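Participant: Got a predicted structure here, sequence first:
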Amino acid sequence: MSGNENDIGKLAYSANVKELMEAPQACMNKRYWLSAAKLIYSGIDNLAWLSRQQSEPNVRRADFIEWVNQYLLPDSSLHCTADELYGARCGLLHANVAESDRTRMGAFRQICYSTGASDPKDAYKHIRQERYKYNVIVHIKDLCDAYLSGIKKFNSRLDQDPGFASVIYERSNKLFAEIP
């Protein structure tokens, strides 16, 4: 790859990450909670696609989970797993519902969302007690905070690992971006 292509990839990456960070926050400010969550899950998909294994042409469930485990969950206030977030992503992006195939099968807890100024613990009073063990409450603000922190960790790795950065910027050449 020529230096020019890498520069374009870096510009495309920067433009995309700026939007990936600002769009969910804009939705949060307007109280479009589920749209914010959808943008977060879509953003994770995008970042997982960029950082997928060299041998994989497409992003896979495992890539999403790996990105979440490496960047989003550590040091977050979330009490869910990467698999549970993936199930929530599937339900929300594909059908605008909380459940997914895997939560229906009982493989993972279903994520229920808390919004606004509410305490996530208060949301449990809206769930039948016998269903507690099948659900986990995630406040969308906590999800957004963990996501933004995850992107910062990802960017920090780009700054510290030139080989990783080169792969990411090369792949970023394919991203839609407004390049000045």
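Facilitator: Okay, I see it.
Participant: Distance of the nearest residue to I65 once chain neighbours are set aside relative to R89?
Facilitator: Closest residue to I65 in three dimensions, ignoring its sequence neighbours and counting by Cβ to Cβ, 6 or more residues apart in numbering: A82, at 4.2 Å. Where C-beta positions appear, they are placed from N, C-alpha and C, glycine not excepted. Using Cβ to Cβ, to the nearest Å, one gets 10 Å for the distance from A82 to R89.
Participant: overlap in contacts of these two?
Facilitator: By the contact definition Cβ atoms under 8 Å, 6 or more residues apart in numbering, A82 and R89 are jointly contacted by F64.
Participant: about what we covered before: am I right that the residue nearest to I65 is in contact with Q70?
Facilitator: No - taking Cβ atoms under 8 Å as the definition, A82 is not a contact partner of Q70, at 9.3 Å.
Participant: Let me see the contact set for the residue nearest the centre of the chain.
Facilitator: When Cα atoms, centre = their mean is applied to the chain, the residue found nearest the centroid is I44 (3.1 Å). Taking Cβ under 8 Å, 6+ apart as the contact definition, I44 lies against 64, 67-68, 72, 85, 89, 147, 150.
Participant: so how far is whichever strand or helix holds it from its chain's centroid?
Facilitator: For I44, the host element (DSSP states H and E) is helix 33-50. Relative to its parent chain, helix 33-50 has a centroid offset of 4 Å by Cα atoms, centre = their mean, to the nearest Å.
Participant: tell me which residues of the following helix or strand past it are tucked away?
Facilitator: From helix 33-50 onward toward the C-terminus, using DSSP H and E, the following helix or strand is helix 61-67. Neighbour-count burial for helix 61-67, counted by 16 or more other Cβ atoms under 10 Å, picks out 63-67.
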